[in-house]
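# Sequence and predicted structure, then a few things I'm wondering about:
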Amino acid sequence: MSLTLLVAMGVGVLMACGIYLLLRTRLFDVVLGLTLISYAVNLFIFFMGRLTVGKPPIIAGSLPKTLAHYADPLPQALVLTAIVISFGMTAVLLAIGVRAYAENGHDHVDGDQAP
């Protein structure tokens with residue numbers, strides 16, 4: 001099994017678990033599903049910069065004929081920014097969820113009373 005197939009399967013499993021949790025009626029499950037989806041998207045963006053190990057991200061000297069021996073630093077910077085944003089959004093969603101639970105007495109996102 002190649003590394004690319006293994007990575008694609010891992011991202012697919014994370015996305016599938018996130019979608020499953022997103023479709024649940026409990027607020028914590030929805031927040032956890034959104035978090036898993038953001039992890040899957042972050043990994044997808046990160047792996048778009050080529051899967052290279054031990055390669056420099058900055059080209060020194062003149063531009064070589066092929067860029068296959070270098071890592072792309074842009075997806076790494078985008079993922080770092082996305083991690084910070086998703087952490088902040090998770091904290092906001094959890095704060096909204098705690099407030100909604102305190103006011104309603106249940107954590108169902110569809111508005112129905114808990115059984």
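Everything's here; your move. Residues are numbered from 1 along each chain as shown.

# Output the below-cut-off pLDDT ranges for the protein.
51-70, 111-115 (pLDDT under 70).

# Let me see the ranges of the helices in it.
Per DSSP state H, the chain has helices spanning 3-22, 27-47, 73-104. These are given in chain order.

# Of those helices, which is nearest residue 110?
Taking CB to CB as the measure, the helices of the chain were each checked against residue 110, and helix 27-47 came out nearest at 10.2 Å. The C-beta positions use only the backbone N, C-alpha and C, and glycine is treated the same way.

# Mind listing what's buried along that closest one?
Taking 16 or more other CB atoms under 10 Å as the basis for neighbour counts, the residues of helix 27-47 that come out buried are 27, 29-44, 46-47.

# Stretch 18-28 now?
By neighbour count, and taking 16+ other CB under 10 Å as the criterion, the buried residues in stretch 18-28 are 18, 21, 22, 26, 27.

# for the last one, what are its contacts?
Under the criterion of CB atoms under 8 Å, 6 or more residues apart in numbering, the neighbours of residue 27 are 97, 100, 101, 107, 108, 109.

# which among those end up buried?
Of the members of the contacts of residue 27, the ones counted as buried by neighbours, 16+ other CB under 10 Å, are 97, 107, 108, 109.

# Name the nearest residue to residue 46, ignoring sequence neighbours.
Of all residues not flanking residue 46 in the chain, residue 79 sits nearest, at 4.6 Å (CB to CB, 6 or more residues apart in numbering).
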